[in-house]
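S.K.: Fold the following and give me the result.
(chains A and B)
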Amino acid sequence: MRWIRTAWFLGFAAAALPAGEPLQFNRDIRPILSDRCFACHGPDKNNRKSLLRLDVEADAKKDLGKGRRGIVPGDPAQSEVYKRLISTNKTLRMPPAYAGHDALPPAQVELIRRWIEEGAPYQAHWSLIPPQRPPPPPVRNPNWSSHPIDRFLLARLEREGLAPSPEADRTTLIRRVTLDLTGLPPTPAEVEAFLKDTSPGAYEALVDRLLASPRFAERMTIRWLEAARYADTNGYQTDGPRDMWRWRDWVIDAFHRNMPFDQFTVEQIAGDLLPDATLSQKIATGFHRNHRTTAEGGIVDEEFRVEYVADRTETTGTVWLGLTIGCARCHDHKYDPISQKEFYQLFAFFNNVPEKGFVYNFGNEEPFIKAPLPEQQARLDWLDRAVREAQAKVDALRPKVERAQAKWETRAARARPEIDWNVNEGLVVHEPLDTPKDLPAEPGRVGQAARFDNQRFFDAGDVAKFNYRDPFTFAAWIRPESPKGAILSRAEDYFEGTGHGLHLIDGKIRLHVIFRWTDLGMRVETARPVRLHEWQHVLVTYDGGMKAAGVRIYVNGEPQELNVLFDQCIWPIETKEPFRIGAGGGLRFQGLIDEVRVYNRALSPQEAAVVPLLDSLTRIAAIPAEKRTAAQADKLRMAFQERYAPAKAKAARARLALLQKERQRYYDTLPTVMVMAERAERRDTFLLNRGAYDAPGEKVEPAVPAVFSNWKPEWPRNRLGLARWLVDRRNPLTARVMVNRWWAELFGAGLVKTVEDFGSQGEWPLHPELLDWLAVEFMESGWNVKHIFKTMVMSAAYRQSSRVTPELLQKDPENRLLARGPRFRLAPEVVRDQALAVSGLLVERVGGPSVKPYQPPGLWQELHGGAGYTPDKGEGLYRRSLYTYWKRTVAPPGMVNFDSPNRETCVVRQTRTNTPLQALNLMNDVAYVEAARKLAERMLLEGGQTPEDRIGRAFRLALARTPRETEIAAVRKALARFEAHYRAKPDDALAYLRQGDSPRHPKLPPVELAAYTGVASLILNLDETVTKE
Amino acid sequence: MTPHDEHRLHLTRRALFGRASGIGLAALASLLPEQARAKGQPGLPGFPNFAPKARRVIYLFQSGGPSQMELFDYKPRLTEFAGTDLPASVRMGQRLTQMSATQSAFPVVPSKYSFAQHGQSGAWISELLPHLAKVADKITFIKSMHTEAINHDPAVTFLQTGSQISGRPSLGAWVAYGLGAETEDLPAFVVMISPGQGGSGQPLYDRLWGSGFLPTRYQGVKFRSVGDPVLYLTDPAGFPRGNRRAYLDALGELNQLKYAEFGDPEISTRIAQYEMAFRMQASVPELVDLSKEPASTFALYGEDARKPGSFAYNCLLARRLAERGVRFIQLYHRDWDHHGNLPKGLPKVCKETDQAAAALVADLDQRGMLDDTLVVWGGEFGRTVYCQGRLTPTDYGRDHHPRCFTVWLAGGGIRRGFSLGETDDYCYNITADPVHVHDLQATILYCLGIDHTKLTYRFQGRYFRLTDVHGNVVKQVLA
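M.R.: Coordinates of the predicted model:
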């Protein structure tokens, strides 16, 4: 079986090596050394098992002592490496038997022998040498194509004794290129037009049309979403929602406008750091906020924050560099020249985001920005203008109002009985405690006050119910006799209980807003205690912003200095407890409480000073204006504006308030998107031993691995510098990695099959010169994505027939050499989108919030409980799969069945399996049954009168071609069976036609439609339908 | 597994799934080991690596973290310590979750439930598990399990995939990949979930039965209690089996025409997959049809076993799946996370699960299947000896505890009536025979005849395995 082993290890390259051609280290030797030797004799210094290091030429050839050398160029017999490989002594043989390793197969040993004999020349790892544009090689049959891609491929085919296949027929071609470039099939009209256009430029015109379509951008975006681990939920544990669709739409827009890939990169990695960054450039940085985040109670914040930074580092490595950088997180990379320290130097670029590990579970986590769509921004601008105008009107009326107020003041000063006023707006509880139920009363600040004896309390019932995002104000007069007690609460009656509470602790005023004491809630207290045995007014406001910074505490109207004890108010609070005065948190009150007021909004500082002001309006009005305190003046003004001002002024104020409210309400509905940002003070980065968050080692600075020599000193050592480096002309990897991935999307496999690994364990490129040619073409075209796609699909290689001959299957079962066109199953989203398109159900609309198409019931509940998944009604059912709501821990089954990555981590390699679950999905999922019914309607309505014509219509819609006689015969057999069945059982027809939300065509006879629906489903399930031919 | 095995397997699979028309089929067939040519879905050549004791696994995952102190790990001295603070000498500064790390006190709380010894083995079992007590002599308890994560998501992921980081194949996927299945009509790896009624459920995630970087065909197939037992299994209303047969005949014929013209072996694979789908449509309903189960079955498993979606129902299905050659049967019960209200929640979840879990062991045994079926019962970690939240005379809760917890194993090469491992008087630290998660995984694979260091898959240039670079088979628990 030696041929198999050789084929595996060396791929086509060496298997087809003509005798006598010199060996190439990178192609022939490095893969063996890397796979079998480097783990112990490679880059990882901590795991190196002896002095011998084989990945560095000088080390491999140096004297190891006693005259022994690993490699003696030209002399295998003296080379320790060769001697150990062929040793029959089990303790000496390498790779070591004692560690469970097999000996190298003889063919590999022979390759190493030959290589040493030829002088053991090393090469730098191929992918780390910047690409140069190689000239296309000479070919024997230059007539096939002059396209450089074809010249490279043909030269190789000719060496293998293979010839390219003829061009695919035109229907196959238009379907292939349309599916490839737009992710949707061509319409029969498009096919017809193409068949009619016999001009030499017809195909190119077709390609140009497809590339210009927004569908191209949508199709490009989905692969990018997989690489970017984009989803609509956080991904860990309870897997709460997030909103990143504005970033997704940025990607679509960038592809549509053909944004140069270097700019595409810079904006996503570091758009926020560009000078005068635009909203669009900030939105772009959402790329690196797409990683999973956790809101699981009890997690260690730093552990997960580190996890996020590591994810960004690894994802950047995979997406742009094709390197498995993550391998160096816990130790030096075992195969590639990336030390653990260098991993953390890269990590340092992403380690300066002002973020937390423990995130909000019900929406976007900071940092995020408002990201209105242009039309939303226009509406917001309009509202802002309206608010300004309303304000101007109020201002314009001010002199008049002031005059009116002055007049009123003179009347007010004489009013008998005295008139008074307090802040009323938003008042939801007012307990004057003049006659406090079961409690004794004593003279208080206003009328009577309630006396509390450290036991009994006042139950105010089911009022003042606030959740964690509801703003509120609590206010009361207190005369405490003990430094510890509870003023008011709506919470479980023990100290760490859930709910809201206002307490006295060590004489300090303390606010508790608690879901779970230990990790979810907020605790804030005043820096200084209040005085005992004295009346003082206490007022607390919270703005509902989930931050302790949104809390203010006033004593006698004076804002207090605060200490934040705990600041994690990010979880809903529910309590059935009543509103208690003089009790809460297991505490009681000793002393007097009077005039408890609760508002459902956060009062302003001016209002906070007015609430405790006991001077009546009459008294204040009697004080000369210049002698009034600020609070007194405010009170008069507020009272006048609310009650006594002229109707016109009141109306102007009301209008202003209304518009402000409307503006706020609208502003709150605007979409947000999580973005990258930099902390003002840079966070230090340390090498983390074993990759553990709590085992910091050496401090490191941001830098790229030393093996790359293209860092320019003028670049800043931050994400912007990193981004510039990624797309620098001399970066050896980015362009190669990208063109290779796109090549794989079109041709089925990359020129480097391991699209995610261009390192030493990755595959040696099958066509290194072609890869380099494409990479240079890409960069020199100005990183022009559409250009590179056009270049690839214009090649004759792409246009070949995909027919498989026994000879081709034998010589090249995976079609790596491309002696035939690509033929493989459509991507998961294309399978569904195509069914929607050919049935006419597809609703095309670019962008917007994610939608919820059909999903079998109960999938979310069985894993998460809760309300579960509710499919959309109407067009949300029929949008392209790109827009399907993606819950990471319960990914859409219709996508995952067809091998979609689950979006938990970055994935750039597509897999294609062929399973019975896919068959069931395509036959029975309501989405496909409905599509079949709609396709059947089209067959009947558009397909003419005969079964032949109708079947022909379906073939043209789904396959872009006309059926053959044999095919029609096979379909008609099934049709006849279905017709017979539904004629006999018309109820079955009705039941069958009831699938899906879209209405059944009322004019079509159900029996016939049902039979054709069966046939349409059959056609949607054909291998050819779900395959790009 | 070496690369050339992997390559050979690739070719083998091509042959089996009819993809290798261009390569001499006869030549390939000679490469196949005997068992791969037998009925069923093939595993890797060379697997099992040695004679297996277990041919299949039923894993009863108790998600949330069952309290070892209330169930298995009898700690009489806790009564003495009740209400006292957990001594620093016991806690040793080990990290706690952020749910209890900032508690002002860590009062020790003993189990409310009494323990007694059962069977000839004298196993200590809580009064909450009266049924399990009856099969104590068929079981090995490991009281010295420990793990690395202290939160649900990473801890369950770690137990089920060998890594806290997502993206790795699950235990069942590894086994399906290595051993295939003994059935052609059902998947190799089946998953069933019961939510529990106690309100202490934690979410689960697809990745727990995912295939990670293995091909997706190895991922667990969920058997569901709502709607179709397998997603999309049932033909649409109004489309009876006769129609489906005619449909598949025509589809096969059309695909065959295409194959004749294009020669792509992928087409014949697709034809075969549609036929397997058709067989599943028959075999799954037969599987979930309990009407032929005698009354004695429900006496054994409890009447709950008639209720789809209950743990008992899933246990009964597990036995039926085992009988039909499914390789790995994974149950999850989601109701063991007792941070508070433990005295209310724990008896409830025990009542929901105890009888059926014990019944499964007894039933397999009476059918002679326990010897080659490995049953595993356990959660992702244990619970703390100290009270989380408010301690009252009638109420308490416990936080997550990764330092020690109990799992039990039965059948399939495991000793009967045995207990391994000890913990200290506080049930906080392990004092003898620690068993790490990777050790448990290595042991499960061992029972299946798999050397856990050999079941590997090359991904991103590295050979990955379930146990990473760790894991030792726990020989003491083997029969």
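
S.K.: Can you name the residue of the stretch 301-450 of chain B nearest chain A?
M.R.: Per Cβ to the nearest Cβ, residue B:390 is where the stretch 301-450 of chain B lies closest to chain A, at 5.5 Å. Glycine gets a C-beta too; all of them are placed from N, C-alpha and C.

S.K.: State the mean pLDDT of the helix or strand hosting residue A:384.
M.R.: Element membership for residue A:384 (DSSP states H and E) is helix A:374-413. Averaged across helix A:374-413, pLDDT comes to 96.

S.K.: same question, stretch A:723-735
M.R.: So the average pLDDT for stretch A:723-735 ends up being 97.

S.K.: re the thing from before, contacts only, for the residue of the stretch 301-450 of chain B closest to chain A.
M.R.: Residues counted as contacts of residue B:390 (Cβ atoms under 8 Å, 6 or more residues apart in numbering or on different chains) are A:494, A:496, A:497, B:340, B:396.

S.K.: quick one, what contacts the closest residue to residue A:592 other than its chain neighbours?
M.R.: Residue nearest to residue A:592 in three dimensions, not counting chain neighbours: residue A:479, with 4.0 Å by Cβ to Cβ, 6 or more residues apart in numbering or on different chains. By Cβ under 8 Å, 6+ apart, the contact list for residue A:479 reads A:449, A:533, A:534, A:535, A:536, A:591, A:592, A:593, A:594.

S.K.: Dihedrals phi and psi, the closest residue to chain B within the stretch 151-300 of chain A?
M.R.: Nearest residue of the stretch 151-300 of chain A to chain B: residue A:298, at 3.1 Å (Cβ to the nearest Cβ). Backbone dihedrals for residue A:298, given as degrees, to the nearest 10, come out at phi 90, psi -10.

S.K.: Tell me which helix or strand the closest residue in space to it that isn't next to it in sequence sits in.
M.R.: Once flanking residues are discounted, residue A:298 sits nearest to residue B:97: 3.1 Å by Cβ to Cβ, 6+ apart. Using DSSP H and E, residue B:97 maps to neither a helix nor a strand.

S.K.: And residue B:97, what's its pLDDT?
M.R.: Value for residue B:97, per-residue pLDDT: 83.

S.K.: Relative to residue A:296, how far out is it?
M.R.: Separation of residue B:97 from residue A:296 (Cβ to Cβ, to the nearest Å) stands at 9 Å.

S.K.: residue contacts, the residue of the stretch 151-300 of chain A closest to chain B?
M.R.: Contacts of residue A:298 (Cβ under 8 Å, 6+ apart): A:518, A:519, B:97, B:98, B:99, B:100, B:150, B:151, B:399, B:400.

S.K.: mind checking pLDDT for it?
M.R.: 86.

S.K.: that older thread, please tabulate the contacts of residue A:479 in TSV, including the columns secondary structure, distance to residue A:133 and neighbour count.
M.R.: As requested, the contacts of residue A:479 are exported to TSV (DSSP: H, G, I helix; E, B strand; the rest coil; distance: Cβ to Cβ, whole Å; neighbours: other Cβ atoms under 10 Å in any protein chain shown):
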residue	secondary structure	distance to residue A:133	neighbour count
A:449	strand	89	27
A:533	coil	89	9
A:534	coil	86	10
A:535	coil	86	17
A:536	strand	81	17
A:591	strand	87	23
A:592	strand	89	25
A:593	strand	84	29
A:594	strand	86	25
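
S.K.: neighbours of residue A:539, just the number please.
M.R.: 29 (other Cβ atoms under 10 Å in any protein chain shown).

S.K.: my guess is it is in a helix, correct?
M.R.: No: counting by DSSP: H, G, I helix; E, B strand; the rest coil, one finds residue A:539 to be strand, located in no helix.

S.K.: Write down the beta-bridge partners of it, one by one.
M.R.: Judged by DSSP bridges, the bridge partners of residue A:539 are residue A:475, residue A:554.

S.K.: is it true that it touches residue A:610?
M.R.: No: using Cβ atoms under 8 Å, residue A:539 is not in contact with residue A:610, being 10.1 Å away.

S.K.: The stretch 201-350 of chain B: strands as residue ranges?
M.R.: B:221-222, B:328-333 (DSSP state E, counting those that start in this stretch).

S.K.: buried set for the helix or strand containing residue A:654?
M.R.: Following DSSP H and E, one finds residue A:654 within helix A:647-669. Judged by neighbour count using 16 or more other Cβ atoms under 10 Å in any protein chain shown, the buried positions of helix A:647-669 are A:649, A:650, A:652, A:653, A:655, A:656, A:659, A:663.

S.K.: Quick check: closest non-adjacent residue to the second one.
M.R.: When you say that, I think you mean residue A:650. residue A:641 (7.5 Å).

S.K.: Quick one: name the residues of the stretch 301-450 of chain B near chain A.
M.R.: B:334, B:389, B:390, B:399, B:400 (Cβ under 8 Å from any Cβ of the partner chain).

S.K.: The fourth one sits in which helix or strand?
M.R.: Spelled out, it's residue B:399. strand B:398-401.

S.K.: Can you name every helix or strand that the helix or strand following that strand contacts?
M.R.: Using DSSP H and E, the helix or strand that directly follows strand B:398-401 along the chain is strand B:405-410. Using 3 or more Cβ pairs under 8 Å, 6 or more residues apart in numbering or on different chains; DSSP states H and E, the elements in contact with strand B:405-410 are helix B:68-71, strand B:139-146, strand B:373-378, strand B:382-387.

S.K.: show me the contacts for the closest residue to residue A:653 other than its chain neighbours.
M.R.: Spatial nearest neighbour of residue A:653, excluding adjacent residues (Cβ to Cβ, 6+ apart): residue A:394 at 5.8 Å. Residues near residue A:394 by Cβ under 8 Å, 6+ apart: A:649, A:652, A:653, A:656.

S.K.: let's go with 6 Å and repeat that
M.R.: A:652, A:653, A:656 (Cβ atoms under 6 Å, 6 or more residues apart in numbering or on different chains).

S.K.: ok now the helix or strand where residue A:950 lies, how far from the chain's centre?
M.R.: Element membership for residue A:950 (DSSP H and E) is helix A:947-959. Relative to its chain's centre, helix A:947-959 lies at 40 Å (Cα atoms, centre = their mean, to the nearest Å).

S.K.: which outside residues touch it?
M.R.: Against helix A:947-959 from outside (Cβ under 6 Å, 6+ apart): A:188, A:838, A:939, A:942-943, A:962-963, A:968, A:971-972, A:1016, A:1019, A:1024-1025.

S.K.: Please list which of those residues also come close to chain B.
M.R.: Residues of those in contact with chain B (Cβ under 6 Å from any Cβ of the partner chain): residue A:1024.

S.K.: What about the contacts of helix A:947-959, which are in strands?
M.R.: Using DSSP state E, no member of the contacts of helix A:947-959 falls in strands.

S.K.: now the contacts of helix A:947-959: which count as buried?
M.R.: Here, 16+ other Cβ under 10 Å leaves A:188, A:838, A:939, A:943, A:963, A:968, A:971, A:972, A:1016, A:1019, A:1024, A:1025 buried among those.

S.K.: How is chain A partitioned into domains?
M.R.: Chain A breaks down by automatic domain parsing into domains covering A:2-123, A:126-166+A:733-822, A:215-371+A:680-732, A:427-615, A:826-1029.

S.K.: And for chain B?
M.R.: As recorded under automatic domain parsing, the domains making up chain B are B:1-32, B:41-225+B:308-477, B:233-291.

S.K.: Most tightly packed of those domains?
M.R.: domain B:41-225+B:308-477 (a mean of 22; mean count of other Cβ atoms under 10 Å in any protein chain shown).

S.K.: Show me how far it is from its chain's centre.
M.R.: So, by Cα atoms, centre = their mean, the centroid of domain B:41-225+B:308-477 is 8 Å from its chain's centroid.

S.K.: Run through the residues that contact the residue lying closest to residue B:41 once chain neighbours are set aside.
M.R.: With Cβ to Cβ, 6+ apart as the criterion, residue B:41 has its nearest non-adjacent residue at 4.1 Å, and that residue is residue B:180. When contacts are counted by Cβ under 6 Å, 6+ apart, residue B:180 is found next to B:40, B:41, B:42, B:43, B:188.

S.K.: next one: residue A:528
M.R.: Residue A:528 makes no contacts at all, as judged by Cβ under 6 Å, 6+ apart.
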